[in-house]
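Visitor: model this:
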Amino acid sequence: MTQSAPTVVRRVAARLALALSALCALLPASAEAAAGLGGSRASMVRQHDAAIAHDFAFASTAEQVRRLADSGEVVRLTDTEELALVGVSYPYALPVVRALLARLAEDYREAIGSRLVVTSLVRPTSLQPANASALSVHPAGMAIDFRVPTKASARRWLEGTLLSLEREGVLDVTRERRPPHFHVAVFPDAARVYLARRDSADAAAVLVALSEMVTPAPTVQRAPATEDDRGSAAALLAFGGVLAVGGVGAGLARRRSISA
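Guide: I've put the predicted structure just below:
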């Protein structure tokens with residue numbers, strides 16, 4: 001059957017798009033970063049639409065920021081061993097944004113050995129800079145501005161991590177030039193899924209470590225265990241596992257939290 005010209009064009013365009021996607025996957029990280037960090041109006045619209053869909057309030061004044069904090073809609077962040085707030089006038093963000101930032105800061109400290117620097121969080125519409133977009137989600141507590149690291153390896157790590165999370169739909173990232181920073185808008189639902197997956201992976205790693213700790217050495221010869229012996233050992237192992245998992249989980253929670 002003869003295909004119409006528009007149909008052929010659409011199919012060719014679709015194949016070209018697939019080929020381009022495959023080619024982009026083979027490009028060096030620096031070229032991919034340059035393409036993915038440019039930002040667009042479409043991404044700003046997507047961020048703003050997400051804030052509207054979640055019915056987030058957009059603070060227009062400092063007083064409204066305080067009201068959002070009092071109601072718990074946004075939560076306070078402070079400096080930690082992994083995170084530094086520099087020049088942040090309103091150190092508040094949505095709870096899920098704070099949780100994601102804590103995880104990012106922990107990963108950054110582990111990979112780079114220094115603190116992740118944040119320069120802006122909630123920003124009332126009345127105090128937005130002159131070049132800010134009318135669609136900005138800073139007033140809603142969805143956005144984070146990161147300082148661009150001066151160290152090349154740290155910059156590559158942060159760019160690569162943010163772009164990876166953007167591909168997963170967890171956030172949108174744009175590298176701004178005036179002033180230089182990474183602008184990040186967090187999508188709450190996808191961020192919660194990502195954090196839950198990371199927590200599950202942590203729990204699985206703990207269980208593997210526990211199983212390795214309690215594996216008996218094969219060279220020791222022992223008399224056959226009785227039913228009472230096996231029951232006591234199983235109970236002791238289960239009790240120890242509960243204590244260990246609880247202790248490790250509490251430790252992870254303490255490290256990731258950014259206390260008020």
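Visitor: strands of the stretch 1-150 of the chain, residue ranges please.
Guide: 75-76, 83-85, 92-93, 116-120, 143-146 (DSSP state E, counting those that start in this stretch).
Visitor: any stretches of the stretch 151-260 of the chain with poor pLDDT?
Guide: Residue ranges of the stretch 151-260 of the chain with pLDDT under 70: 215-260.
Visitor: returning to that earlier point: could I get the strands of the stretch 1-150 of the chain as CSV with mean neighbour count?
Guide: The way it works is simple: take the backbone N, C-alpha and C, and place the C-beta from them, glycine included. Output for these, formatted as CSV (neighbours: other C-beta atoms under 10 Å):
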stretch, mean neighbour count
strand 75-76, 17
strand 83-85, 18
strand 92-93, 24
strand 116-120, 22
strand 143-146, 23
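Visitor: so which of those strands gets nearest residue 68?
Guide: strand 92-93 (7.2 Å; C-beta to C-beta).
Visitor: so what strands line up beside the closest one?
Guide: Here strand 92-93 is paired, per DSSP bridges, with strand 75-76 (antiparallel).
Visitor: can I get the strands of the stretch 1-150 of the chain in CSV including distance to residue 177?
Guide: Converted to CSV, the strands of the stretch 1-150 of the chain look like this (distance: least, C-beta to C-beta, whole Å):
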stretch, distance to residue 177
strand 75-76, 30
strand 83-85, 22
strand 92-93, 24
strand 116-120, 14
strand 143-146, 13
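Visitor: could you dump these to CSV with distance to residue 157 and mean pLDDT?
Guide: What follows is the strands of the stretch 1-150 of the chain, written out as CSV (distance: least, C-beta to C-beta, whole Å; pLDDT from 0 to 100):
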stretch, distance to residue 157, mean pLDDT
strand 75-76, 27, 98
strand 83-85, 15, 98
strand 92-93, 22, 98
strand 116-120, 10, 98
strand 143-146, 12, 98
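Visitor: neighbours of the nearest residue in space to residue 37 that is not next to it in sequence, how many?
Guide: Nearest non-adjacent residue to residue 37, counting by C-beta to C-beta, 6 or more residues apart in numbering: residue 175, 4.0 Å away. Neighbour count of residue 175, defined by other C-beta atoms under 10 Å: 19.
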